[in-house]
Each structure stands twice: as structure tokens, then as C-alpha cells.
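In: Here is a sequence with its predicted model. Questions after.
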Amino acid sequence: MILAIDVGNTRIKGAVFEQDTILEQFVFEKKDIEKKISTILLKYEKCYDIIIASVGEVEKNAFLLFENKVKIHFISHLDLFPFSNRYATPKTLGIDRMVLASGAVLKYPKQNRLVIDAGTCITYDYINADDEYLGGAISPGLQLRYKALNDYTSKLPLLELKDINTVIGDSTAASMHSGVVNGLVYEIKGFIEEYKEIDANFIIILTGGDTDFLAKRLKNTIFANSNFLLESLNQTFQYKINND
């Protein structure tokens, strides 16, 4: 068994894998790392490895507390990945984006792939059929957009994400919801159309915390999987073991 951990900008997500099957998933706050992982390892005594991808502010020592019980593996730029990194600044490419690209290559071989991760930030990552990572884009996620409207204006309130079905907002709050939600949907659709100009034949993988919310608003044929990063983390570790 393997415990895969994704340390994000806001929360920590994890899953226990038996080969490629998720046995249980977890979401917890960074302050609860020691307590939560202790509980997981107590329940799954045959979990001998923890594989970690981190973009958030968490000390490695928080995980190293368990190295007397399990093997701890931090994914880094020095690890073996199943793609060629063509990023102009490869060492600045986020580990989460590298893991997603790895999962896309391993799960969808010999295809052009666009991975859209809808979390705190929206990331777009393009990997071609020759398994070359070419790059992508980064923009604010839904919550960041709401927060920016509140932080950088004097009168606009901080709103929570709301399901809407109109473009015309008939109040300030409704206009904000329309701008944030529809604006992001139009952005994603626009990026997809631009990538079609590069190559008309590619698959789209949508993942991240806002996957379900956004998937129903996108008419393109996509593979929507909110667990894709954790699954990719597990697959990347298996790839590393088999090719070391």
C-alpha cells in the first residue's frame, strides 16, 4: 500500500492506494498533519511508503516524524519522469504540474494532452504525443478571483462561490458571480480553442477542487477527474520504482 499526499496552497489531500485502486481519501488542514497521518498509518498497517508532492508551505520535518515507520519520498525535479521537459525554465516548473503531466503521459499514451487543474490557481499544461512537456499557462482560480474583487476595491463584498445560470447579473452580487464564474468558463473555452489552432487532435483532462463545478459548464469532450493528481502521484511513484 502507498499513501499519496498532495500538499496544496490551501489544504492537504491524500489517498491510500492498493496498486491503482484508491482505498480511502482524506482532506485535512496543514496543522493536523501529524495527527491525521498517525491515524491513517494505524488503520493501514501495510502502508510502507508515503509519496509527497508539495507546492504549499509545509516543513519536511512534519513528514519525517514517520520515517521510523514508513519510507518517505518527496517528489522533486531530480526524479525520473516519463516525459521530456521543454519548459524554458525547467527548475521553476511546479512539482504538481510535473506530476499531472506524468499522469497524463502514463494514462493516455501517444496522445496530445491538455491538463487543466482548477484549484487555487488554474494551470494549463500541454504534453504532445511525443511525450514532450511544452508548457502552458497559470491564472487565478475561482476563489482567488472573488478575493481579488474584495481586496482591491472599497465596496465589493467577499462572496462565496455560487451556482449560476445567467450571464446578466441583476445586482452587484449577481454581477460579481457572473464575472467570476462565466469569466473563468470563457477563459477555459478560449484556451481550448487556441490549442486547437496548434493541434486539432488532443484530449482534455480537467482536475482540481473545482472540477465538478466547471465540468458541467464545458461542452467540450473532457475527462473530468478530481482525483487525477493523486492518481498521477501514485503512477509517477510506480514509474520511478520500475525504472530506477
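Out: Now that the structure is in, tell me what you want to look at. Numbering: from 1, shown residues only.
In: And the helix or strand of the chain with the lowest mean pLDDT, what does it pack against?
Out: Least confident helix or strand, the chain: helix 61-64 with a mean of 84, by mean pLDDT, DSSP states H and E. Where contact means 3 or more CB pairs under 8 Å, 6 or more residues apart in numbering; DSSP states H and E, helix 61-64 is packed against helix 33-43, strand 71-74. (C-beta placed from N, C-alpha, C; glycine too.)
In: go again using 6 Å as the cut-off
Out: Applying 3 or more CB pairs under 6 Å, 6 or more residues apart in numbering; DSSP states H and E, one finds that helix 61-64 makes contact with no other helix or strand.
In: Identify the residues contacting it?
Out: Contacting residues not belonging to helix 61-64 are listed as Ile33, Ile72 [CB atoms under 6 Å, 6 or more residues apart in numbering].
In: 8 Å instead?
Out: Outside of helix 61-64, the residues within contact range by CB atoms under 8 Å, 6 or more residues apart in numbering are Ile5, Ile33, Glu34, Ile37, Ile50, Ile52, Ile72, Phe74.
In: Tell me the secondary structure at the first one.
Out: Here Ile5 is strand, with the state taken from DSSP: H, G, I helix; E, B strand; the rest coil.
In: was I right about it contacting Ile51?
Out: Yes. Between Ile5 and Ile51 there is a contact under CB atoms under 8 Å: 7.0 Å.
In: which residues are in contact with both of these two?
Out: With contacts taken as CB under 8 Å, 6+ apart, the residues that reach both Ile5 and Ile51 are Leu233.
In: The helix or strand encompassing Asp96: what's the following helix or strand?
Out: Under DSSP states H and E, the secondary-structure element containing Asp96 is helix 95-107. Stepping forward along the backbone from helix 95-107, the first helix or strand reached (DSSP H and E) is strand 113-118.
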